[in-house]
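Asks: Structure of the sequence below:
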Amino acid sequence: MRTVRGARVTAVLVATAVVAGCAAADPPPELRGDAAYVAVRLGDAPAVLDVVDATWGLGLAALAGADGDAGAVVSPSSLTTALAMLAEAGEGPAGQSLDAALGATGQERTDAVGALVAALRRLDGDPAAVRAGELPEVPVVHTAQRVVVDDGAAIDPVYLDRLTSAFDAGVLRTDLGTDAGTDALGAWVREHTGGLVEDSAVVPDASLVAVLQDAVVVAAAWEQPFTAEATTADLFHVPGAAAVEVPTMHGAVTTPFVELDGWQAVRMRYGYAGVLHADLLLPPAGSPVAADPAGADLAQVRALGAALDDAADVPVDLALPQVEMRSEVDLGPVLADLGLAPLTVTGLLADDVPATLGQARQQAVLLVDEAGTRAAAATEMGMAGGAPPPDPVAVVLDRPFLLVVSHTGTGWPVLLASVRDPRG
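Replies: From the prediction side, this is the model:
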């Protein structure tokens, strides 16, 4: 029997909302473009793999840029979707920077992101499932997108058509300069994260002209659940501190397992048809990323996922801590390092009025227990006016590790976590 041991975990869960800003009290119904929404099929979007690759880069960058000794959770897929919504308004240098970050340009970018979102929407359901006493038999992945425009600004009609046709997103008008006006942002976040994220992170500001919002919820039961009776208080080795006792789930599962370059990786599938899974990635003890898996090399993480894709099911004696993490990430420095700030677009507002990226924050929640996974995220970016053997394998995650929840058909990372302390 081989034993794999590990300690602090950092988790990445990404859901995004983008904010652009200048400043109506009682918001009217959402505006919709004249163009009809058309769900793009994966086979009709040649740049899908390029966008998935880019999403991994964005997710690890966001994770590495997060504060918090316990680790962090972000949603790469949601960040990508929010940036893609913004890219529909980008031209010139701003558009080129967004295309470079997203891995595709023009209509190929639009189709690829739209196809990936549509693939997740096949698992759509009530976001309140994340709060239900029992997780659904069929995994729920709910996503939503919206743009909020200040009542003192006007949306570009061409951009409105692009939002509707590509993302099935509408536009709300409200006063982004007041607390009362931005209440609508928080209500939307609560609705589309099933209440796991309790409010918007946008700070009212008279300079705000628009807010692009994206949210994601995951409510998924393990294909092979743990039992509460097998959960014990075990030691978890928190970096730079004494080991702490945490509730640790134990189970004998049959699932893909690989060892690669000193890493141990286990894939835990969620119920129903293999459409969603979580990869548990334990770095080598004593390695540079052992204390903080958020610093893992992108190529290494992708190689582990690819190896698990090809791995046969083997018996694994798994020890996995319960996880309860909440993060709020300031995306401004992350986007600046990626060349996306300062960023000014001229295709979002009418009459080519410029809007410049200002506020950019992401909130995420990750809960892992015997039954499965509950998670949600909401990211907001503000635009201001102007500018992955026969003998049983023992895997004990008692030190930092990575947890990745991905869409099985595409490999699009929906949640990415670096767990350094499962207590959050």
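Asks: Where does pLDDT dip in the stretch 301-424 of the chain?
Replies: Counting by pLDDT under 70, the ranges of the stretch 301-424 of the chain that qualify are 386-391.
Asks: actually the chain, not the one I wrote
Replies: In the chain, residues with pLDDT under 70: 1-28, 386-391.
Asks: Please enumerate the helices of it.
Replies: 48-64, 76-87, 92-102, 106-121, 157-167, 179-192, 298-310, 331-337 (DSSP state H).
Asks: Pick the most deeply packed of those.
Replies: helix 76-87 (a mean of 30; mean count of other Cβ atoms under 10 Å). Any C-beta I mention is one placed from the backbone N, CA and C, and that applies to glycine too.
Asks: and the residue nearest to Leu235 when sequence neighbours are not counted, what are its phi and psi?
Replies: What sits nearest to Leu235 in space, not counting adjacent residues and going by Cβ to Cβ, 6 or more residues apart in numbering, is Ala243, at 4.2 Å. Recorded main-chain torsions at Ala243 are phi -60, psi 140, according to degrees, to the nearest 10.
Asks: What about Ala243, how many residues nearby?
Replies: Neighbour count of Ala243, defined by other Cβ atoms under 10 Å: 13.
Asks: now do Tyr37
Replies: By the measure other Cβ under 10 Å, the count of residues near Tyr37 is 15.
Asks: which residues sit in contact with it?
Replies: By Cβ atoms under 8 Å, 6 or more residues apart in numbering, the contact set of Tyr37 is Thr164, Ser165, Ala166, Phe167, Asp168.
Asks: Gly65 too?
Replies: So Gly65 contacts Val329, Asp330, Leu331, Pro333, Val334, Asp337 (Cβ under 8 Å, 6+ apart).
Asks: could you redo the last one with a cut-off of 7 Å?
Replies: For Gly65, the contact set (Cβ atoms under 7 Å, 6 or more residues apart in numbering) comprises Val329, Pro333, Val334.
Asks: end-to-end on stretch 344-361?
Replies: Terminal residues of stretch 344-361 lie 18 Å apart, using Cα to Cα, to the nearest Å.
Asks: Stretch 217-230 too?
Replies: Termini of stretch 217-230 sit 28 Å apart (Cα to Cα).
Asks: same check, this time on stretch 124-134
Replies: 17 Å.
Asks: Sort out which residues of that stretch are buried, please.
Replies: Pro127, Ala129, Val130 (16 or more other Cβ atoms under 10 Å).
Asks: In the chain, where's the longest strand?
Replies: What stands out as the longest strand in the chain, according to DSSP state E, is strand 244-260.
Asks: what packs against that one?
Replies: strand 232-236, strand 263-269, helix 298-310, strand 313-321 (3 or more Cβ pairs under 7 Å, 6 or more residues apart in numbering; DSSP states H and E).
Asks: Which of these sits closest to Ala375?
Replies: When the helices and strands packed on strand 244-260 are compared by Cβ to Cβ, strand 263-269 sits nearest Ala375, at 14.0 Å.
Asks: follow-up on the earlier one: out of the helices and strands packed on strand 244-260, which gets nearest to Leu102?
Replies: helix 298-310 (15.6 Å).
Asks: Verify the stated contact: Tyr270 with Leu276.
Replies: Yes - using Cβ atoms under 7 Å, Tyr270 is in contact with Leu276, at 4.4 Å.
Asks: residues shared between the contacts of the two?
Replies: Pro139, Ala220.
Asks: In contact with Ala104: list those residues for me.
Replies: Ala47, Asp50, Val51, Ala112.
Asks: go again using 10 Å as the cut-off
Replies: If you count contacts by Cβ atoms under 10 Å, 6 or more residues apart in numbering, Ala104 has them with 45-51, 53-54, 84, 87, 110-113.
Asks: Repeat that for Val51.
Replies: 45, 77, 80, 84, 102-104, 108-109, 111-113, 115-116, 410, 412.
Asks: Max pairwise distance over these: which two?
Replies: Ser77 and Glu108 (18.0 Å).
Asks: returning to what we had before: of the contacts of Gly65, just say which sits nearest to Leu260.
Replies: Scanning those for proximity to Leu260, where the rule is Cβ to Cβ, the winner is Val334, at 27.7 Å.
Asks: Arg423: how many residues sit nearby?
Replies: So Arg423, with other Cβ under 10 Å, has 15 neighbours.
Asks: from memory it sits against Ala241, does it?
Replies: No - using Cβ atoms under 10 Å, Arg423 is not in contact with Ala241; the gap is 11.5 Å.
Asks: nearest to Pro288, of the helices of the chain?
Replies: That would be helix 298-310 among these, by Cβ to Cβ, at 11.2 Å.
Asks: If I take that closest one and strand 244-260, what angle do their directions form?
Replies: If you take axes from the mean of the first three to the mean of the last three Cα atoms, to 10 degrees, helix 298-310 sits at 80 degrees to strand 244-260.
Asks: what's next to helix 298-310, contact-wise?
Replies: Helix 298-310 is contacted from outside by 52-53, 56-57, 59-61, 255-267, 277, 279-283, 289, 293, 296-297, 388, 402, 404, 406, 408, 411, 413, 416, using Cβ under 10 Å, 6+ apart.
Asks: How far does it sit from its chain's centre?
Replies: Between the centre of helix 298-310 and the centre of its chain there are 19 Å (Cα atoms, centre = their mean, to the nearest Å).
Asks: Export only the CA atoms of that helix, formatted as CSV.
Replies: Output in CSV follows, covering the C-alpha atoms of helix 298-310 (Å, rounded to 0.1, in the frame of the first residue of the first chain):
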residue,chain,number,x,y,z
LEU,A,298,0.4,25.6,-15.0
ALA,A,299,2.0,22.9,-17.2
GLN,A,300,2.3,20.6,-14.2
VAL,A,301,-1.3,21.0,-13.2
ARG,A,302,-2.5,20.5,-16.8
ALA,A,303,-0.3,17.4,-17.1
LEU,A,304,-1.9,15.9,-13.9
GLY,A,305,-5.3,16.5,-15.3
ALA,A,306,-4.4,14.9,-18.6
ALA,A,307,-2.9,11.9,-16.9
LEU,A,308,-6.1,11.4,-14.9
ASP,A,309,-8.1,11.6,-18.1
ASP,A,310,-6.3,8.5,-19.2
